[in-house]
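Peer 1: Sequence plus the predicted model coming up.
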Number of protein chains: 2
Amino acid sequence: MAKRTSEGTGRAPRRTDGLSRELIVRTAVEILDGGGERALTLRELTVRLSTGYGAVYHYVADKGDLLAAATEDVVAGVVSGAVAEAGTDPRTALRRLAVGLFDATDAHPWVGAELSRQPWRPALLDFFESIGRLLDALDVPDGARVDAAGTLVNYVLGVAAQNAAHARLRADRGTDRETFLTEASDRWAQVDPGRYPFVHAAARQLGEHDDRRQFLVGVDVFLAGISAQSRNATADPSA
Amino acid sequence: MAKRTSEGTGRAPRRTDGLSRELIVRTAVEILDGGGERALTLRELTVRLSTGYGAVYHYVADKGDLLAAATEDVVAGVVSGAVAEAGTDPRTALRRLAVGLFDATDAHPWVGAELSRQPWRPALLDFFESIGRLLDALDVPDGARVDAAGTLVNYVLGVAAQNAAHARLRADRGTDRETFLTEASDRWAQVDPGRYPFVHAAARQLGEHDDRRQFLVGVDVFLAGISAQSRNATADPSA
DNA sequence: CGGGCGTTGGATCGCCGCTCCAAACACGCT
DNA sequence: AGCGTGTTTGGAGCGGCGATCCAACGCCCG
């Protein structure tokens, strides 16, 4: 309560250190990482920055813009870091690329949600481009390359979106990953083994389910499919 | 303004035909199909049913419960209808199963979002079970079957979630599918061809992009991958 | 016919994103 | 130095959301 300009109804002291879009985005990322997508409210943002709505909206168009910027911020680092180093086996490089994005969306689930909301952000250009080149190195024929890349991206972003949804669900209910999986496994184990033999059998394996491993299995299936198809295409074009 | 019980501040006449959870869910589906996820508000629901909040919450726990029920309502019909008829080729049956769910989430994008939010609803049990059996028919070995089924489900639900996200985006901006794709294609065509040769080349194909076709390509890649892997497993277990 | 209980309608609450405006400041010009 | 102009900042307020809560209503059973 230092000196006020006039009466008691003076406004809060104006901040001296400059606000900036970058600072706002960084704070948004902190909030998102801390409490998930629901935690990012304009109110919370103004509190943390000890400022007002006007200041925030001076640098940011709306909440969507903020989320997009935050996503770009995270993904840019991840993808550029994982982009294939020369000399590695294309298959390994593809796996590394995919798992890099998986890990990123696993550490920051809100990224997964935002990516599926608006997939073709600048940060994903490098991702798609790298996949395209690696498929070229795998001798995937021209005609099939875009489709193959699209399939992989669909799969990776699809899993990311689901991870995001699960994380949101866990956050809303306050349960951690462990109990979440156990609950699911229990529910599955209770289905009628006569009517659903496969599901019932799968329930046991679900208990020790590992999202990351399952994801990598999927990547390998798609990679196997892609090379199988290009082999067939060169060997027997009529198929 | 018919007769009121007493003074002018009487309340609206009480409905005579019974409300029911079923009626509420059906109305919710109508709203969702008409205007997407954002259109489903409690207010809109009470207006259409010409009732109040209390009546709705008497039958429905909260909005999540309502969305879940609506999803179940739609998916139940679709999956049970598409569940494999005996005698068809397992590959064809799998394709039909997958595309059935795709078409459903394409016609009702909000279903895609809700499915990825809570994947293991009862309605999807049949889906998963059918996939498991068909993979068995395809001679996918025991140890890999659950993983393979998981991968396919991940893929299908992942694409569904992305379709939902795109539909929401289109709805928010009021653009239709056509212009949406054209805009994306244009943006891609503007990237630097030196730095992003693959993306630049892909931009041309993007103009005539067909989500459904791309989805089916992915399913075929998956199928090719599955049989390639099981062939390798039987022929060369060390790989 | 009267009291109890399953339904129904809607006022109300707290929170959200967002708009809008005035106060506070930085800085070039005279 | 004094002034004016444009940018940056803080916060009151608006409309809309999901959800709660309670009073009014009718039906049915004793």
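Peer 2: Received it, and whenever you're ready, just let me know what you need.
Peer 1: ranges for the helices of chain A?
Peer 2: Secondary structure of chain A (DSSP state H): helices at A:21-35, A:42-48, A:53-59, A:63-82, A:90-107, A:109-117, A:122-137, A:142-173, A:177-189, A:197-207, A:211-235.
Peer 1: Report the backbone C-alpha coordinates of the first one in PDB.
Peer 2: What follows is helix A:21-35, C-alpha atoms only, in PDB (Å, rounded to 0.1, in the frame of the first residue of the first chain):
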ATOM      1  CA  ARG A  21       3.200 -12.900 -25.600                       C
ATOM      2  CA  GLU A  22       6.100 -15.200 -24.900                       C
ATOM      3  CA  LEU A  23       5.800 -14.900 -21.200                       C
ATOM      4  CA  ILE A  24       2.000 -15.400 -21.400                       C
ATOM      5  CA  VAL A  25       2.500 -18.600 -23.500                       C
ATOM      6  CA  ARG A  26       5.100 -19.900 -21.200                       C
ATOM      7  CA  THR A  27       2.900 -19.400 -18.200                       C
ATOM      8  CA  ALA A  28       0.000 -21.100 -20.100                       C
ATOM      9  CA  VAL A  29       2.200 -24.100 -20.700                       C
ATOM     10  CA  GLU A  30       3.000 -24.200 -17.000                       C
ATOM     11  CA  ILE A  31      -0.700 -24.200 -16.000                       C
ATOM     12  CA  LEU A  32      -1.500 -26.800 -18.700                       C
ATOM     13  CA  ASP A  33       1.200 -29.100 -17.500                       C
ATOM     14  CA  GLY A  34       0.200 -28.600 -13.900                       C
ATOM     15  CA  GLY A  35      -3.500 -29.200 -14.100                       C
END
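Peer 1: What is the neighbour count of A:Leu101?
Peer 2: 23 (other CB atoms under 10 Å in any protein chain shown). The way it works is simple: take the backbone N, C-alpha and C, and place the C-beta from them, glycine included.
Peer 1: what's the distance between the residue in chain A that DNA strand D sits nearest to and B:Asp126?
Peer 2: Residue of chain A nearest DNA strand D, by CB to the nearest atom of the strand: A:Gly54 (1.8 Å). Using CB to CB, to the nearest Å, A:Gly54 is found at 54 Å from B:Asp126.
Peer 1: and the two? which has more neighbours close in?
Peer 2: Between A:Gly54 and B:Asp126, counted using other CB under 10 Å, B:Asp126 has the larger neighbour count: 19 against 8.
Peer 1: List the contacts of the closest residue to the more buried one other than its chain neighbours.
Peer 2: The spatial neighbour of B:Asp126 that comes closest, neighbours along the chain excluded (CB to CB, 6 or more residues apart in numbering or on different chains), is B:Val79 at 5.2 Å. Taking CB atoms under 8 Å, 6 or more residues apart in numbering or on different chains as the criterion, B:Val79 is in contact with B:100-101, B:123-124, B:126-127.
Peer 1: mind redoing it with 10 Å?
Peer 2: B:97, B:100-101, B:104, B:123-130 (CB atoms under 10 Å, 6 or more residues apart in numbering or on different chains).
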